[in-house]
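S.K.: build me a structure from this.
(2 chains)
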Amino acid sequence: MIELTGFIALYIVMLTAFVGIEIISRVPVILHTPLMSGSNFVHGIVVVGAMVALGHAETTLGQVIGFIGVALGAGNAVGGYVVTERMLEMFKSSKGEKA
Amino acid sequence: MSEIISRDTLDHLIQASYFIAILLFILGIKRMSSPVTARRGIRQAGLGMVLAVAATFFLPNMGNFFLIISALFVGSLLAWVSARKVAMTGMPQMVALYNGMGGGAAATIGAVALYADSDYGVVIMSLAVAGGLIGSIAFSGSLVAYAKLEGLISKTMRFPGQQLFNALVFLGAIGCGAALLVVEGYPFELITVFFVLALLAGITITLPIGGADMPVVISLYNALTGLAVAFEGFVLDNAAMIIAGTVVGAAGTLLTQLMAKAMNRPLSNVLFAGFGDTGGEGGGGPEGNMKETEASDAAITMAYAEKVIVVPGYGLAVAQAQHKLWEFCERLMERGVDVKFAIHPVAGRMPGHMNVLLAEAGVPYDLIFDLEEINAEFDEADVALIIGANDVVNPDARNKKDSPIFGMPILNADHADNVMVVKRGRGTGFSGVENPLFFADNTQMVFGDAQEVANHFIQGLKSLAE
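M.R.: Take a look at the predicted model:
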């Protein structure tokens, strides 16, 4: 694995934070709800971490907590995706173009 | 697997998958900034997620595959079914629910790291603790927000000394977290106490917050979950989590600020003061009488207007009248009337929620304008049709200093030649604030259920055609 340590990690976090602010600042108000839901979906990536935690768990306690984590993370990702997609599906312009 | 591809190659493939997943996430969110490309954006982000999950199975030393797959299946199935079922009006609480799940997942990663008592070093362990704390608060807090918006908890719970109590719970959680870092060979009970206190803090902080402020709180918890995910990403040395979590943390913080600003409610106010607690009675209601009119007469006035601006509010969605309203507007447009929709940032239960509800009824997004775009146009509008909205058109916000909503940006509906207000009854609205617009000389009130009134509007137009 590539190790993200010390200042390299800090630089990445700083630059990523600017990217996050930059891409949101141009979003029109009409898309705020889908956007919140969409960014909610994106942090569903936590499911990957929960999978790692469960995949390395050796004790029963670890397995139980890990199982809950993976189920919650999967719920975050799938639920977030489905509601966002459902909302965006409905947006269309008066020329009949679907989003 | 190892016989076909060497471990080294596999590791590179996994890293490449994470890299592409992150790229798809960022491009996806970027595409979501325009209604034209938004749907493609979420699909790209979805593809990235599938890729990242698939790659994770091939990480070194992974086990418990059966458990992982079952957990993925259980979580996905429950979320998929609930997400398909929910009505568009219920969207805010579902976002809260799924967000809470993400926070909970981040907290479990912290818990596993702590219970495993691994030797990560103090920096990584403090990130595990911080992620656990924030994730737990986002989890329990979001569940309370969900329960409140869903109507499962209807009361706003307040008691004397509540803020002191909240502060003590919060500080207690931080104290336990700090002890986990400092004390060598800490007992497992301490970890349990830490998580219980953190979960309790999320509940007690969220309980006293009123329903009107909930969107801001959900957005805040969304940002917090992102942050927790990034922290736990450091614990697991997982770049995808660090970057995706940080993007959401930063974007979510900005979004929270934008919302709080639109509502004229500083974030500290939302978190530490209940709505309506600060404003006085405002010294007497507005002078004058409300002028009532029939729906059919109002429809005819609009039929002969050149320009009508519709101001929809959440009451419209509660009455499920969006479809009828749009049918009426389509008929007006057939007659050559210029119809536009003006949306206040806090219309609905979340910024942008009203747009979703109108889109569901088939209203094209290029007829929908936000406050800054349309406010000047009210001056040249013949009719402002206010339906299910109240505070967002209250002129007191502009000029009455002691009004609880003073300073909130409002739609200038009162600048239109005629104002038509569709309202259930004569009482004050959601916030309990009197609205002098309803008593103005150029205002006519149409009382009744929004859906019935919209039906009468359509009938009124039909009678014109005959």
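
S.K.: just give me the residue right at the centre of chain A.
M.R.: When C-alpha atoms, centre = their mean is applied to chain A, the residue found nearest the centroid is A:Val42 (1.6 Å).

S.K.: and the pLDDT for that one?
M.R.: At A:Val42, the model reports a pLDDT of 95.

S.K.: ok, B:Asp277 next?
M.R.: Confidence score, pLDDT, at B:Asp277: 40.

S.K.: next: the one 5 residues further on.
M.R.: Predicted confidence (pLDDT) for B:Gly282: 40.

S.K.: check B:His323 too.
M.R.: The score at B:His323 is 92. That number is its pLDDT.

S.K.: not counting its neighbours along the chain, what's nearest whatever residue of the stretch 201-350 of chain B ends up closest to chain A?
M.R.: Closest residue of the stretch 201-350 of chain B to chain A, C-beta to the nearest C-beta: B:Ala250 (3.2 Å). Any C-beta I mention is one placed from the backbone N, CA and C, and that applies to glycine too. Using C-beta to C-beta, 6 or more residues apart in numbering or on different chains and skipping residues adjacent in sequence, the residue nearest B:Ala250 is A:Gly20, 3.2 Å away.

S.K.: ok, that neighbour - contacts?
M.R.: B:Thr246, B:Val247, B:Val248, B:Gly249, B:Ala250, B:Ala251, B:Leu254 (C-beta atoms under 8 Å, 6 or more residues apart in numbering or on different chains).

S.K.: want to throw these into CSV with neighbour count and pLDDT?
M.R.: Below are these laid out as CSV (neighbours: other C-beta atoms under 10 Å in any protein chain shown; pLDDT from 0 to 100):
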residue, neighbour count, pLDDT
B:Thr246, 26, 95
B:Val247, 28, 93
B:Val248, 35, 93
B:Gly249, 26, 94
B:Ala250, 26, 93
B:Ala251, 28, 89
B:Leu254, 19, 89
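
S.K.: any chance of those residues in CSV with secondary structure as columns?
M.R.: Below are the contacts of A:Gly20 laid out as CSV (DSSP: H, G, I helix; E, B strand; the rest coil):
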residue, secondary structure
B:Thr246, helix
B:Val247, helix
B:Val248, helix
B:Gly249, helix
B:Ala250, helix
B:Ala251, helix
B:Leu254, helix
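
S.K.: number of nearby residues for B:Phe165?
M.R.: B:Phe165 has 12 neighbours, counted by other C-beta atoms under 10 Å in any protein chain shown.

S.K.: again with B:Lys85
M.R.: Residues lying near B:Lys85 (other C-beta under 10 Å) number 9.

S.K.: quick check: it vs A:Gly79, distance?
M.R.: Distance, B:Lys85 to A:Gly79, using C-beta to C-beta, to the nearest Å: 11 Å.

S.K.: buried sites along stretch A:60-73?
M.R.: The neighbour-count check on stretch A:60-73 (16 or more other C-beta atoms under 10 Å in any protein chain shown) flags A:Gly62, A:Gln63, A:Ile65, A:Gly66, A:Phe67, A:Ile68, A:Gly69, A:Val70, A:Ala71, A:Leu72, A:Gly73 as buried.

S.K.: what do you get for stretch B:187-195?
M.R.: For stretch B:187-195, by 16+ other C-beta under 10 Å, it's B:Ile191, B:Val193, B:Phe194, B:Phe195.

S.K.: re earlier: and the buried residues of stretch A:60-73, which of them are in helices?
M.R.: Within the buried residues of stretch A:60-73, residues falling in helices by DSSP state H are A:Gly62, A:Gln63, A:Ile65, A:Gly66, A:Phe67, A:Ile68, A:Gly69, A:Val70, A:Ala71, A:Leu72, A:Gly73.

S.K.: and the residue nearest to the first one when sequence neighbours are not counted, what does it touch?
M.R.: Nearest residue to A:Gly62, sequence neighbours excluded (C-beta to C-beta, 6+ apart): B:Val112, at 5.4 Å. Contact criterion C-beta under 8 Å, 6+ apart gives A:Ala53, A:Leu54, A:Ala57, A:Gly62, A:Ile65, A:Gly66, A:Gly69 as the residues in contact with B:Val112.

S.K.: can you do 10 Å?
M.R.: Neighbouring residues of B:Val112 by C-beta atoms under 10 Å, 6 or more residues apart in numbering or on different chains: A:49-50, A:52-54, A:56-57, A:59, A:61-66, A:69, B:118, B:128, B:132, B:232, B:235-236.

S.K.: and for B:Met214?
M.R.: B:Pro92, B:Gln93, B:Ala96, B:Val144, B:Ala145, B:Tyr146, B:Lys148, B:Leu149, B:Thr206, B:Val270, B:Arg349, B:Met350.

S.K.: relative to B:Val169, how far out is it?
M.R.: 21 Å.

S.K.: please apply the same query to B:Gly75.
M.R.: On the measure of C-beta to C-beta, B:Gly75 and B:Val169 end up 29 Å apart.

S.K.: more crowded one of these two?
M.R.: A direct count of neighbours by other C-beta under 10 Å for B:Gly75 and B:Val169 places B:Gly75 higher, at 27 against 20.

S.K.: residues in contact with the closest residue in space to the more buried one that isn't next to it in sequence?
M.R.: Excluding the flanking residues, the one nearest B:Gly75 by C-beta to C-beta, 6+ apart is A:Ala74, at 3.2 Å. A:Ala74 sits next to A:44, A:46-47, A:50-51, B:53, B:68, B:71-80, B:101, B:105 when contact means C-beta under 10 Å, 6+ apart.

S.K.: one more pass at 6 Å, please.
M.R.: A:Val47, B:Leu72, B:Gly75, B:Ser76 (C-beta atoms under 6 Å, 6 or more residues apart in numbering or on different chains).

S.K.: in a helix, B:Val311, correct?
M.R.: No: if the criterion is three-state DSSP, then B:Val311 is strand and not within a helix.

S.K.: from memory it sits against B:Ile386, does it?
M.R.: Yes: the pair B:Val311 and B:Ile386 passes the contact test of C-beta atoms under 6 Å, sitting 4.6 Å apart.

S.K.: what residues does the stretch 201-350 of chain B have near chain A?
M.R.: When proximity is defined as C-beta under 6 Å from any C-beta of the partner chain, the stretch 201-350 of chain B approaches chain A at B:219, B:222, B:225-226, B:229, B:232, B:236, B:238, B:240-241, B:243-248, B:250-252, B:254, B:345, B:350.

S.K.: what about those, which are in helices?
M.R.: B:219, B:222, B:225-226, B:229, B:232, B:236, B:240-241, B:243-248, B:250-252, B:254.

S.K.: roughly how far out does the helix or strand bottoming out on mean pLDDT in chain B sit from the chain middle?
M.R.: Least confident helix or strand, chain B: helix B:267-272 with a mean of 77, by mean pLDDT, DSSP states H and E. The chain centroid and the centroid of helix B:267-272 are separated by 16 Å, computed with C-alpha atoms, centre = their mean, to the nearest Å.

S.K.: neighbours of residue 78, how many?
M.R.: Just going to use chain A. 27.

S.K.: meant chain B actually
M.R.: B:Leu78 has 16 nearby residues by other C-beta under 10 Å.

S.K.: how about the secondary structure of it?
M.R.: Secondary structure, three-state DSSP: B:Leu78 is helix.

S.K.: where in the chain is pLDDT low?
M.R.: Picked chain A for this. A:1-5, A:96-99 (pLDDT under 70).

S.K.: oops, wrong one, chain B.
M.R.: The model of chain B has pLDDT under 70 over residues B:1-3, B:155-157, B:273-288, B:427-432, B:466.
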